[in-house]
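**Q** Let me see the structure of the following:
(one chain, ligands or ions: 1)
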Amino acid sequence: MSRLVVVSNRVGDPSKPSSGGLAVALGDALTKSGGLWFGAGEVVDAATPTDQRLHLKPLDNKVTLATLDLSREDYDGYYRGYANGVLWPVFHYRLDLAHFESGHLDAYRRVNRQFAQALASLLQPDDIIWVHDYHLIPLAAELRALGCQQRIGFFLHIPLPPQLILAALPGHDWLMRALFAYDLVGLQSEADMVHLRRYLVAEAHAEELSEHSFGAFNRMLRAGAFPIGLDVDSFIAMAEAPPAQETLATLRQQYAQRQLLVGIDRLDYSKGLPQRMKAFRTLLERHPETRQQATLVQIAAPSREEVEAYGDIRRELESLCGAINGDFSELDWTPIRYLHKPLEREAVPGLYRAAKVALVTPLRDGMNLVAKEFVAAQDPADPGVLVLSRFAGAAEQLTEALLVNPYDTDATAEAILHALKMPLEERQLRHQRMLANIREHDVHAWQRRFLETLMDVSPA
Ligand code: G6P
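**A** This is a model prediction of the structure:
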């Protein structure tokens, strides 16, 4: 069996289930074949010699963690400047928030080259390499330039925008051409595939060889939608475990006379938090019976605070929450409980289960696993209702959620009311169907499908 090499900007420890996200997603694939997980390390002094920047740490499950330290200037330009100051906003359709500076692009290219050089020194000829997310799009091209011929796959966790939005990105042709160094490119949704196909044909003049393969630049690129899922069983086990149960018991007691709504997000402008608050305000204004009743617990975990747009969105959100609480609170009731910090991972399923309604209303999102976690955490006998933005990748699978357009404040407010009033039988039926879906398309199926497809492709 070939060794699996996973590359992502952030590395996790797959032996610790609480580290969440990608770590859980890739943990079993890495442990099965033995593997290497490579990513960014610490920020170090620019004078630190290259051979002192690469660190290898064997974990206790046949997995080695490899990290490469970066200089402050490189890291800032690559992570804050280009990945999160340009690619993140553009790929989430926010050209207005992108700051193009050639120095940042230079740093992005430089860091990808440094990663490739360090990684190439650790590779074995029959390794399978799986690169993750927008920080590392040119990595395979850099590896190929060093002579690497291993199979290399790429998975984009965020959306791929429509052709003309991508085309507004200076250097888009260089960036998209770099995809052709991969043997397989995975996207989150069919909508993203439509955008990729259109871009490749119209901008890269690629030949459509089949629904999932394109020819250009003397290379063939295979691409497909591989919607990421949850480790459903572990998540349900976490929901049954003491920390979640304690959280649930406390919240049930506190909110016995009220209806709890929940939102859990990184504080990111893609998550539609101001729009969500406006919809919640409209609900309270138009439906006075929800006052003293509906209480929204909004966790907004600090994220990328070194990027300017994140400071702006925080101020906007806090001003809206403050105004709603000021206008509607009573001595014994506050409509929004806003927490600007992450919730402990083990407590999260308890909060989901205590809630009657989850508000997952991003303006654009690659997938959004909060939506799937909320479904997994529910009691099937008395499940809560998911209000989900149609612009989250998850909406392609969770069609039994109440799908909303988060820009439409009035309609979102009405959907929240509908969710609060939904009869038990309808809640059960919708939940049953969504649970079956997230079970069938769980994270194990996701990584198996991606890696099997990658193994099927003839190597470069
Ligand atoms: C999204 C991205 C990930 C990223 C995560 C947290 O889910 O797709 O690649 O790791 O956000 O963002 P951060 O900048 O803190 O790594």
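
**Q** The residue in the stretch 201-350 of the chain that the ligand sits nearest to in helix, strand or coil?
**A** Nearest to the ligand, among the residues of the stretch 201-350 of the chain, is Arg304, at 5.3 Å (CB to the nearest ligand atom). Using the backbone N, CA and C atoms, a C-beta is placed for each residue, glycine as well. Put simply, Arg304 is coil when judged by DSSP: H, G, I helix; E, B strand; the rest coil.

**Q** try Phe214
**A** strand.

**Q** count of residues packed around it?
**A** Residues lying near Phe214 (other CB atoms under 10 Å) number 23.

**Q** likewise Thr247?
**A** Burial of Thr247 is recorded as 21 neighbouring residues (other CB under 10 Å).

**Q** returning to what we had before: quickly note the distance from the residue of the stretch 201-350 of the chain closest to the ligand to Asp133.
**A** Going from Arg304 to Asp133 by CB to CB, to the nearest Å gives 14 Å.

**Q** so how far is Ala181 from Gln150?
**A** Gln150 is 12 Å from Ala181, where distance means CB to CB.

**Q** Also Ala23?
**A** Using CB to CB, we find Ala23 at a distance of 26 Å from Ala181.

**Q** likewise Tyr79?
**A** Distance of Tyr79 to Ala181, computed by CB to CB: 22 Å.

**Q** Ok, Leu65 next?
**A** Distance, Leu65 to Ala181, by CB to CB: 25 Å.

**Q** just Thr247 next, same as before
**A** 46 Å.

**Q** what does Phe100 give?
**A** 24 Å.

**Q** One more: Arg433?
**A** 40 Å.

**Q** Counting neighbours, go ahead and name the busier of the two.
**A** Neighbours per residue, other CB under 10 Å: of Arg433 and Ala181, the larger number sits with Ala181, 22 against 14.

**Q** Return the residues in contact with the more buried one.
**A** Residues near Ala181 by CB atoms under 8 Å, 6 or more residues apart in numbering: 138, 140-141, 143-144, 152, 219, 460.

**Q** Cross those against strands and list the overlap.
**A** 152, 219 (DSSP state E).

**Q** For the ligand, state which of the contacts of Ala181 is nearest.
**A** Pro138 (15.9 Å).

**Q** which other helices and strands contact the strand or helix carrying Ala237?
**A** In the assignment (DSSP states H and E), Ala237 maps to helix 232-240. Counting by 3 or more CB pairs under 8 Å, 6 or more residues apart in numbering; DSSP states H and E, the packing neighbours recorded for helix 232-240 are helix 348-354, helix 369-377.

**Q** got JSON lines for these, with mean neighbour count too?
**A** Below are these laid out as JSON lines (neighbours: other CB atoms under 10 Å):
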{"stretch": "helix 348-354", "mean neighbour count": "24"}
{"stretch": "helix 369-377", "mean neighbour count": "27"}
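
**Q** nearest to the ligand, of the ones you listed?
**A** Nearest of the helices and strands packed on helix 232-240 to the ligand, taken as CB to the nearest ligand atom: helix 369-377 at 8.5 Å.

**Q** then the closest one to PDB, C-alphas only?
**A** Taking C-alpha atoms only, helix 369-377 is exported to PDB below (Å, rounded to 0.1, in the frame of the first residue of the first chain):
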ATOM      1  CA  LEU A 369     -20.000  21.400   8.400                       C
ATOM      2  CA  VAL A 370     -21.900  23.200  11.200                       C
ATOM      3  CA  ALA A 371     -25.100  22.300   9.300                       C
ATOM      4  CA  LYS A 372     -24.200  18.600   9.300                       C
ATOM      5  CA  GLU A 373     -23.000  18.700  12.900                       C
ATOM      6  CA  PHE A 374     -26.300  20.200  14.000                       C
ATOM      7  CA  VAL A 375     -28.200  17.300  12.200                       C
ATOM      8  CA  ALA A 376     -25.900  14.700  13.700                       C
ATOM      9  CA  ALA A 377     -26.400  16.000  17.300                       C
END
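
**Q** neighbours of the residue nearest to Glu346 when sequence neighbours are not counted, just the number please.
**A** Of all residues not flanking Glu346 in the chain, Pro243 sits nearest, at 3.8 Å (CB to CB, 6 or more residues apart in numbering). Residues near Pro243, counting by other CB under 10 Å, number 16.

**Q** Could you do the one 5 residues further on as well?
**A** The burial metric for Leu248, expressed as a neighbour count using other CB under 10 Å, is 20.

**Q** swap in the one 5 residues further on?
**A** Look at Gln253: counted by other CB under 10 Å, it has 9 neighbours.

**Q** shift numbering so it begins at 50
**A** New numbering, starting at 50: the last item is Gln302.

**Q** Helix or strand: which one has it?
**A** Assigned by DSSP H and E, Gln302 falls in helix 291-303.

**Q** Could you tell me which strands sit next to whichever helix or strand comes after that helix in the sheet, and their orientation?
**A** Once helix 291-303 ends, the next helix or strand along the chain (criterion: DSSP H and E) is strand 308-315. Looking at strand 308-315 with DSSP bridges, its partner strands are strand 343-350 (parallel), strand 406-409 (parallel).

**Q** sorry, back to before: out of the contacts of Ala230, who's near the ligand?
**A** Filtering the contacts of Ala230 for proximity to the ligand by CB under 6 Å from any ligand atom leaves nothing.

**Q** Sitting in helices, which of the contacts of Ala230 do you find?
**A** If you go by DSSP state H, the contacts of Ala230 have 189-190, 192-193 in helices.

**Q** between these, which is nearest Arg386?
**A** Ala189 (45.0 Å; CB to CB).

**Q** who's in contact with the closest one?
**A** Ala189 touches 178, 180, 201, 203, 227, 230-231, counting by CB under 8 Å, 6+ apart.

**Q** Among the residues you listed, which one sits closest to Ala286?
**A** Using CB to CB, Val180 comes nearest to Ala286 of the contacts of Ala189, at 30.3 Å.

**Q** nearest to Ser262, of the strands paired with strand 308-315?
**A** Nearest of the strands paired with strand 308-315 (CB to CB): strand 406-409, 33.5 Å.

**Q** And the closest one, how far out from the chain middle?
**A** Put simply, strand 406-409 sits 17 Å off its chain's centre (CA atoms, centre = their mean, to the nearest Å).

**Q** what does this structure put close to the ligand?
**A** With the criterion set to CB under 6 Å from any ligand atom, the chain comes near the ligand through 59, 182, 206-207, 352-353.

**Q** Provide the backbone phi and psi angles at the residue of the stretch 150-299 of the chain found nearest the ligand.
**A** Closest residue of the stretch 150-299 of the chain to the ligand, CB to the nearest ligand atom: His206 (3.7 Å). With angles defined as degrees, to the nearest 10, His206 sits at phi -80, psi -20.

**Q** Can you verify my assumption that it contacts His184?
**A** No. Using CB atoms under 8 Å as the test, His206 is too far from His184 to be in contact (10.1 Å).

**Q** higher neighbour count, those two?
**A** Shown here are His206 and His184; by other CB under 10 Å, His184 has more neighbours (24 against 20).
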